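> A predicted structure for the sequence below; I have some questions about it.
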Amino acid sequence: MCAAATTSLPEQLGGARNWDYRYSWLRDATFTLAAFLLSGYTDEAAAWIRWLRRAVAGSPGELQIMYGVGGERRLTEFELDALPGYQESRPVRIGNQASTQFQLDVFGEVLDSALTAARNAFPREVDWSADLLLAILDHLEQVWDQPDDGIWEVRGPRRNFTHSKVMAWVAFDRAIRLAQDYQTLPEDRVAHWTQLRDRIHDQVCDRGFDKDTNSFTQYYGSTLLDASLLMLGPVGFLPPDDPRIVGTVAAIQKELVEDGYVRRYQLDGGVDGLAGTEGTFLMTTFWLADNLALMGRVDEAREIFERLRALSNDVGLLSEEYDPSKGRMLGNFPQAFSHVSLINTAANLSTPRGPSLMRSGQVGVAPRRPR
């Protein structure tokens with residue numbers, strides 16, 4: 001996909017990071033589902049659950065992080081050297097190599113989507129199959145402690161990314177809730193899942209937190225910061241006022257924020273594995289606003305939200321990234337994750353039962369709005 005900007009500027013974007021995004025990521029699941037429900041689009045939410053359920057059916061060991069919109073699995077990546085791309089933003093790619101990566105967080109997103117569906121009392125035809133969820137959980141039990149490629153689909157070495165481990169925790173936590181609160185899964189597995197969930201939690205707090213920086217870190221044993229750590233509070237791994245969450249948010253504000261926008265991560269020379277440069281990310285900046293709202297710092301969160309909203313073009317669309325130094329949008333355009341994040345952050349700021357509060361377990365089921 002091509003990079004895009006709000007205005008036509010003469011600078012070329014050689015070395016920009018452009019990817020083929022014409023696919024559906026499992027990671028988008030819970031965010032998208034919440035956005036549909038909050039907006040009253042229950043039919044679309046149900047259709048999304050049906051698509052997601054079909055996509056992940058089969059052997060959990062062959063589960064991909066993304067699929068074609070028709071459920072296609074073969075997404076081989078290659079470059080079109082004859083095409084210059086938007087403002088010389090080579091290379092232009094077709095397909096996406098990340099489809100072959102191992103990313104632990106997608107298991108947590110799938111189970112979180114199942115819980116979101118149960119909370120909103122969807123009709124039986126879009127309920128999750130217990131056998132499918134059990135197979136996913138059994139597979140996750142075997143692989144959760146392995147290094148993975150992480151949420152950002154880096155092409156460097158696999159790591160024990162902290163966010164990935166937290167999302168494995170989410171998977172078992174949501175399985176427990178599905179069993180206890182909705183009888184979607186068998187209650188006789190709860191004790192075992194609780195043991196696994198607590199084991200992961202203890203490991204993350206022990207190996208993924210750096211006392212010197214008072215922050216969770218990008219991966220075990222590092223001192224690097226990563227914007228994905230902004231998800232620890234919203235998914236309920238720790239309360240938003242826990243000193244470790246507060247410290248992590250403060251560290252990210254200090255080290256990853258550029259002119260009011262959040263970069264994805266710090267580099268150590270090896271974890272990225274990608275050529276070129278990138279701007280700040282709109283999605284992660286929305287995540288910062290969500291955390292501040294959860295902490296009760298609503299005025300700060302609202303200021304960030306309004307700054308982000310003002311970036312949209314004349315028809316309300318946003319890109320993936322933003323370059324504060326040049327005042328222009330960068331990266332894939334339009335970017336679904338940016339818009340889904342805008343909807344969810346708006347709800348977090350305007351309703352007593354926003355998606356972050358629901359997802360973290362601090363409030364009950366959101367009321368379903370009529371179409």
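Structure's in. What do you need? Numbers count the residues shown, from 1 in each chain.
> Now do the strands in the stretch 201-350 of the chain.
Applying DSSP state E, counting those that start in this stretch to the stretch 201-350 of the chain gives strands spanning 209-210, 215-216, 257-258, 261-262, 280-281, 321-323, 328-330.
> mind putting those strands in TSV, distance to residue 336, mean neighbour count and mean pLDDT included?
C-betas here are computed from N, CA, C, even on glycine. As requested, the strands of the stretch 201-350 of the chain are exported to TSV (distance: least, C-beta to C-beta, whole Å; neighbours: other C-beta atoms under 10 Å; pLDDT from 0 to 100):
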stretch	distance to residue 336	mean neighbour count	mean pLDDT
strand 209-210	32	18	97
strand 215-216	27	26	98
strand 257-258	23	16	93
strand 261-262	18	22	94
strand 280-281	14	24	91
strand 321-323	14	25	89
strand 328-330	15	24	85
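> now those strands as a markdown table including distance to residue 55?
As requested, the strands of the stretch 201-350 of the chain are exported to a markdown table (distance: least, C-beta to C-beta, whole Å):
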| stretch | distance to residue 55 |
| --- | --- |
| strand 209-210 | 34 |
| strand 215-216 | 30 |
| strand 257-258 | 35 |
| strand 261-262 | 30 |
| strand 280-281 | 25 |
| strand 321-323 | 27 |
| strand 328-330 | 30 |
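> For residue 359, find the nearest of those strands.
Closest of the strands of the stretch 201-350 of the chain to residue 359 is strand 215-216, at 18.0 Å (criterion: C-beta to C-beta).
> and that closest one, what does it pack onto?
strand 209-210, helix 243-255 (3 or more C-beta pairs under 8 Å, 6 or more residues apart in numbering; DSSP states H and E).
> Find the nearest non-adjacent residue to residue 68, please.
Spatial nearest neighbour of residue 68, excluding adjacent residues (C-beta to C-beta, 6 or more residues apart in numbering): residue 23 at 5.8 Å.
> With residue 169 instead?
Nearest non-adjacent residue to residue 169 (C-beta to C-beta, 6+ apart): residue 200, at 4.4 Å.
> just the helices in the stretch 1-150 of the chain please.
Using DSSP state H, counting those that start in this stretch, the helices found in the stretch 1-150 of the chain span residues 29-38, 42-56, 105-119, 130-143.
> May I see the buried residues of the second one?
Residues of helix 42-56 classed as buried by neighbour count (16 or more other C-beta atoms under 10 Å): 42, 44, 45, 46, 48, 49, 51, 52, 53, 55, 56.
> Surely the third one and residue 33 touch.
Yes - with contacts defined as C-beta atoms under 8 Å, residue 45 counts as touching residue 33 at a distance of 5.7 Å.
> follow-up on the earlier one: distance to residue 62 and mean pLDDT added to the helices of the stretch 1-150 of the chain, as a markdown table?
Output for the helices of the stretch 1-150 of the chain, formatted as a markdown table (distance: least, C-beta to C-beta, whole Å; pLDDT from 0 to 100):
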| stretch | distance to residue 62 | mean pLDDT |
| --- | --- | --- |
| helix 29-38 | 18 | 85 |
| helix 42-56 | 10 | 87 |
| helix 105-119 | 13 | 90 |
| helix 130-143 | 10 | 94 |
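> With distance to residue 229 as extra columns, can I get those in TSV?
Formatted as TSV, the helices of the stretch 1-150 of the chain follow (distance: least, C-beta to C-beta, whole Å):
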stretch	distance to residue 229
helix 29-38	17
helix 42-56	26
helix 105-119	12
helix 130-143	21
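> Tell me which of the ones you listed sits nearest to residue 290.
Of all the helices of the stretch 1-150 of the chain, helix 29-38 sits nearest to residue 290, with 10.9 Å by C-beta to C-beta.
> For residue 171, see how far away the nearest residue in space to residue 140 that is not next to it in sequence is.
Nearest residue to residue 140, sequence neighbours excluded (C-beta to C-beta, 6+ apart): residue 107, at 4.8 Å. The spacing between residue 107 and residue 171, counted by C-beta to C-beta, to the nearest Å, is 5 Å.
> what do you get for residue 253?
For residue 253, the distance to residue 171 - C-beta to C-beta - is 29 Å.
> go on, residue 195?
14 Å.
> Residue nearest the middle of this structure, spatially speaking?
Among the residues of the chain, the one closest to the centroid is residue 27, at 5.6 Å (C-alpha atoms, centre = their mean).
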